[in-house]
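Colleague: What follows is a predicted protein model with its sequence.
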Amino acid sequence: MAAADSPSTALGRCDLCNRGIRLAGKMRLDVTNLLDTYVERQGLDASASVAAVEGVPVAAVERWDEQTGTQRLLENLAAYRAFRVLLAQMLEEQREQLGEADTALSRALAAVLLQVSAFAYHLEELLRLENRGPPSEEGAEPPPLPQLSLFERKLRGLGVLRELAQWALRSARDLRQLAKASPGSDSAPSPPDSP
């Protein structure tokens, strides 16, 4: 946080955090619904175990309560930027695999991709308000798509969506923590709402 927040900056941060919490909640609901549809349309078992997927940021974090507000925002931003790339890849794969045969799933994926992009922008705005501009995306080219079988791509998609749902939950908690932090408390985070 800025060392000496003005009342308008503090109100702006609180307002952005509250809107972000609502966005994260909506996104989590939509991702959960998308997960159900994805599992059904891809013919997967909802309880299928998925190993860690390369390039998918993990929402779980050690010592969550010790993170500063800026650290939380930067980790969230990095995660949503990664999810934006991963969801775009999934959407492309979906269109190649099914063409126009399953437009409902493609529309749902595209809608969540749009929400992820909007949330990343929202996090960038919060970082600007903190007098800490967002890190550049230059040179952050998406990794080449791994050569996976159709089944492996389906499982990869399941892993991406599951982790995105966890990030939406973590993001809401991070933003609640940031909203209740007193001005200038970046170096001393308040007690946790453990994720």
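Modeller: On my side now, so go ahead. Numbering: from 1, shown residues only.

Colleague: which parts of the strand or helix carrying Arg84 are buried?
Modeller: According to DSSP states H and E, Arg84 maps onto helix 69-98. Going by neighbour count (16 or more other Cβ atoms under 10 Å), the buried part of helix 69-98 is 69-70, 72-91, 93-95. Heads up, the C-betas are built off the backbone N, CA and C, glycines and all.

Colleague: need the contact list for the nearest residue in space to Ser171 that is not next to it in sequence.
Modeller: Leaving aside its chain neighbours, Ser171 sits nearest to Ala24 (4.3 Å; criterion: Cβ to Cβ, 6 or more residues apart in numbering). Listed by Cβ atoms under 8 Å, 6 or more residues apart in numbering, the contact partners of Ala24 are 119, 168-169, 171-172, 175.

Colleague: From Arg28, how far out is the residue positioned nearest the centre of the chain?
Modeller: Nearest to the mean C-alpha position of the chain, by Cα atoms, centre = their mean, lies Tyr80 at 3.9 Å. Using Cβ to Cβ, to the nearest Å, we find Tyr80 at a distance of 13 Å from Arg28.

Colleague: what's the answer for Cys17, then?
Modeller: 16 Å.

Colleague: of these two, who's got more company?
Modeller: Using other Cβ atoms under 10 Å as the criterion, Cys17 and Arg28 rank with Cys17 on top: 23 against 20.
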